[in-house]
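Chemist: With the sequence up front, the predicted model follows.
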Amino acid sequence: MNAQAIQDVLPPGTDRRTPLVELRNVTLRFGRQTILNKLSLQVPYGQTLVVIGESGCGKTMLLKSIVGLIRPTDGQVLYDGQDIHRLNELEMTELRRRHGFVFQNAALFDSMTVGENVAFPLVHHNIASGRRLWRIVSDALADVGLPDNVMPKRPAELSGGMRKRVGLARALVLNPELMLYDEPTTGLDPIMSDVINELMLRTRANKHVTSIIITHDMRTARKVADRVVMLYPYARLKRDEGQILYDGPPEGLDSAEDPRVGQFVRGEAGERLMEMRQATLDAFRDTPNLVDRYPR
């Protein structure tokens, strides 16, 4: 999306030069375990950012920090220039209405029908009722390629791909300016994965949203991203090494200077297996009589 198109859809008075999302030296610890360490990141209006990296590098925690579900141990999370942790409860509720969140497993309410699931944000925020409510729900389902006859069904009656699309429809009913996707294609076959990719591209084009997508799927990263950031687990970094190994366009992944980027993109496990073997040997060496504690 070009700069003028982005400006045309922003709220009056918004300065597109201010990043929509910004992390400033964000650190996140749980006890003695560090998940994110002094992470700084800016996401401009209209950009689709894909975050990749192996399990445990902090990708999902990054999303939860952005929407305020987790408070960083240190640093700031800014949304449209506001430090979200300076907002009161009412202001935070209003801010979250500007977000759409697609969860890894769709996170639909099993006790509700499809229609009730999609309607939930509208009812919760007292935005619509009656015929208008169901018209909005119908339009949201149509946007993700689902007919009205799925409305009375329960999530358990749907395929994995249909549940993902219902989750996307629910995220879109409030017309968010920021969409966050946590592993949107996990567990889907290649065709349905590409359907979800196409829906994300269509959402960006039709709704003019900013998107942050967490994924392990390199096909998704290459197809939908304007920009790719690769995180690395903090515990395996060298001293004073930053957690972001790559930050650039998807077409630059294969020629990245850091060899760990190429290994992840190509799915090469050789070096990682060596690291795991060495860690096991170190654990035995550093813990005397470890074997004696677990007799056969």
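Modeler: All right, it came through fine.

Chemist: From the rest of the structure, what touches stretch 227-239?
Modeler: Contact with stretch 227-239 is made by 33-37, 39, 41, 47-54, 56-59, 62, 221, 243-250, 253, 260-261, 264, 275, as judged by CB atoms under 8 Å, 6 or more residues apart in numbering. Yep, even glycine has a C-beta here, placed from its N, CA and C like the rest.

Chemist: Just the ones of these in helices?
Modeler: Members of the contacts of stretch 227-239 lying in helices (criterion: DSSP state H): 59, 62, 221, 260, 261, 264, 275.

Chemist: would you list these in JSON lines and tack on pLDDT, distance to residue 96 and neighbour count?
Modeler: Formatted as JSON lines, the ones in helices among the contacts of stretch 227-239 follow (pLDDT from 0 to 100; distance: CB to CB, whole Å; neighbours: other CB atoms under 10 Å):
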{"residue": "59", "pLDDT": "93", "distance to residue 96": "20", "neighbour count": "24"}
{"residue": "62", "pLDDT": "94", "distance to residue 96": "17", "neighbour count": "25"}
{"residue": "221", "pLDDT": "94", "distance to residue 96": "26", "neighbour count": "20"}
{"residue": "260", "pLDDT": "93", "distance to residue 96": "35", "neighbour count": "18"}
{"residue": "261", "pLDDT": "94", "distance to residue 96": "33", "neighbour count": "22"}
{"residue": "264", "pLDDT": "93", "distance to residue 96": "32", "neighbour count": "24"}
{"residue": "275", "pLDDT": "62", "distance to residue 96": "39", "neighbour count": "11"}
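
Chemist: Can you tell me how far residue 196 is from residue 22?
Modeler: 28 Å (CB to CB, to the nearest Å).

Chemist: Pull out the buried positions in stretch 185-203.
Modeler: Within stretch 185-203, the residues scored as buried using 16 or more other CB atoms under 10 Å are 185, 186, 188, 192, 193, 195, 196, 197, 199, 200, 203.

Chemist: err, stretch 146-165, not the other one
Modeler: Going by 16+ other CB under 10 Å, stretch 146-165 has these buried residues: 146, 150, 151, 155, 158, 161, 162, 163, 164, 165.

Chemist: List the contacts of the last one.
Modeler: So that's residue 165. 144, 145, 146, 195, 196, 199.

Chemist: Now with 7 Å, please.
Modeler: Going by CB atoms under 7 Å, 6 or more residues apart in numbering, residue 165 touches 144, 145, 146, 199.

Chemist: Inside helices: which ones of the residues you listed?
Modeler: residue 199.

Chemist: Which two among the contacts of residue 165 are spaced furthest apart?
Modeler: 146 and 199 (10.6 Å; CB to CB).

Chemist: Worst mean pLDDT across the helices and strands of this structure, which element?
Modeler: The least trusted helix or strand in the chain, going by mean pLDDT, DSSP states H and E, turns out to be helix 3-9, with a mean of 44.

Chemist: Quick one: mean pLDDT over the helix or strand following that one.
Modeler: Using DSSP states H and E, the helix or strand that directly follows helix 3-9 along the chain is strand 21-30. Strand 21-30 carries an average pLDDT of 96.

Chemist: likewise stretch 125-144?
Modeler: 92.

Chemist: how about that stretch: buried residues?
Modeler: 128, 133, 134, 136, 137, 138, 140, 141, 143, 144.

Chemist: ok so, going back, make CSV out of the buried residues of stretch 146-165 and add distance to residue 74 and secondary structure.
Modeler: Shown next, in CSV, are the buried residues of stretch 146-165 (distance: CB to CB, whole Å; DSSP: H, G, I helix; E, B strand; the rest coil):
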residue, distance to residue 74, secondary structure
146, 43, coil
150, 45, helix
151, 46, coil
155, 39, helix
158, 42, coil
161, 40, helix
162, 42, helix
163, 37, helix
164, 35, helix
165, 38, helix
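
Chemist: so, if you compare these, which one comes nearest to residue 116?
Modeler: Closest to residue 116, out of all of the buried residues of stretch 146-165 and judged by CB to CB, is residue 151, at 8.4 Å.

Chemist: check contacts around the closest residue to the closest one other than its chain neighbours.
Modeler: Ranked by CB to CB, 6 or more residues apart in numbering and with sequence neighbours excluded, the top spatial neighbour of residue 151 is residue 115, at 3.5 Å. When contacts are counted by CB under 7 Å, 6+ apart, residue 115 touches 137, 151, 152.

Chemist: Sweet, I'm off.
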